[in-house]
Every structure is written in structure tokens, then in C-alpha cells.
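# build me a model from this:
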Amino acid sequence: MASTSHAFFTSIPWTSRLLASPSIRTAHPFSRTPKPLTGEDSLIAGTLATSSTIPHCLIYYPRPGSADAEVNSINVLLKVGDGCNGYPSILHGGITATIIDEAMGMLLQLQSERLHLGRVATGHASGEIASGVEAFTKSLNVEFKSPIKTPGIILVKVKVVERKGRGIKMVATVGQKVGQEEELDGEVKVCATGAKQ
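Below you'll find the predicted structure:
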């Protein structure tokens, strides 16, 4: 699925340009992998991973300066279909909130994976795969600025803004390109913002 999503987003001029730099790293979201033994992530990996909901999802971020450098921000590209509509051709607000929450979780999972690989490299851990992140949303505030059109592509930008003990504050924006998706240039308009603890 990861290579399928990568191929999909590199076939669209404006998203292809976002992924074209050799300094960009891409990743398949852990939450998009079905886990039939536990049922974990069934909403994201099953219900919202169909051809009419969110068939494509890809994380990308700038290559960190070193192997142990922390990644504090990511971008997530998603293809949203009309199976996620609230109104005709408009993404349901609850799905928008879910996407924001999930993209923030993707950043935490990526951080966990990088930390694990660093520990493996120094002999402090073993195994190729980090365990899942055990983090829960304390609060999520979403502000809707304009409708997100479906079907379409959205760009979610997530970053950590504060760490205090076990608490992490994050912010996100959800944007959609103005104009035709086939065009190379054009503004990405912020349609929603989110803040999470």
C-alpha cells in the first residue's frame, strides 16, 4: 500500500513536487497497517482505507541532520473520497478531526520508531520494529475555516510545540490546493487547524 500511495502522489504534479527533493523522506503510516489479531487501528486501516474513503496516505518530512536527530514535524498527504462526505462534495467535520488526531499520532509513532532504531544501533534495544505508541488524546480543539472538497487531496502539517513531562502539545493545519489538482502551481489554502494535548 505504501508504494501504491507513493506512486499515486508522485503522479500528481503539485504533490510530486513536494516529494521530489532528495532530502525528503517518506513513510507509510503504521496505523494504516491492519492488525487483525488485536483490531487496533481498524478505523484507519480498514473503514477509512477504501477506494471511496481515504485510499491513499503518505507521510513525508525533511531528512534529519543525523541518525539520532528528533523529528518534530511531518506532513501527511491524503486522498479523500466522497465516502467521507458530510454534505455533498464536502468532507465531514468529524472525519477532518479524526484526520488531524491521526496525523498527530503518526508523528508520535515516527518519533518512537526513530528512537527505537537509535537504541538498536547503540545496542540498547533489539528488533527491527518499535512497539506501538501508547499515547492518548487529552484534548483536541479543531477550528474549521473553509470546506474541504471531496474527492480531493489534502495536506496535513503537524508539529510538536511543547513537551512537559509526559505531556506533548501539538498543532496541525489541514490544507487543500486551490484550483485544479493537475496544475503544478497554486495556493494550498488552510481549511482547518487543530491543537492537541
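
# ok, Ile99 touching Ile154?
Yes: applying Cβ atoms under 8 Å, one finds Ile99 in contact with Ile154, separated by 7.3 Å. All C-beta spots, glycine's among them, are computed from the backbone N, C-alpha and C.

# could you identify the helix or strand that succeeds the helix or strand hosting Ile99?
Assigned by DSSP states H and E, Ile99 falls within helix 93-121. Once helix 93-121 ends, the next helix or strand along the chain (criterion: DSSP H and E) is strand 140-144.

# alpha carbons of that following strand, as PDB, please.
Taking Å, rounded to 0.1, in the frame of the first residue of the first chain, the C-alpha atoms of strand 140-144 are listed here in PDB:
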ATOM      1  CA  LEU A 140      -8.400  18.200  20.700                       C
ATOM      2  CA  ASN A 141      -9.600  21.600  19.500                       C
ATOM      3  CA  VAL A 142     -10.400  22.000  15.800                       C
ATOM      4  CA  GLU A 143     -11.300  25.200  14.100                       C
ATOM      5  CA  PHE A 144     -12.900  24.900  10.700                       C
END
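
# offset the numbering so it begins at 22, please.
All right, first residue 22 from here; so that's strand 161-165.

# for Thr158, give its distance to Ala88.
30 Å (Cβ to Cβ, to the nearest Å).

# for Pro76, that is, sorry about that
Counting by Cβ to Cβ, the separation of Pro76 from Ala88 is 33 Å.

# these two: who's more crowded?
Pro76 (19 against 10; other Cβ atoms under 10 Å).

# if I pick that one, what's in contact with it?
Phe29, Ala70, Lys100, Gly102 (Cβ atoms under 8 Å, 6 or more residues apart in numbering).

# how much space between the second one and Leu161?
Which is Ala70. Taking Cβ to Cβ, one finds Ala70 at 21 Å from Leu161.

# looking at those two, which is more packed in?
Ala70 (20 against 16).
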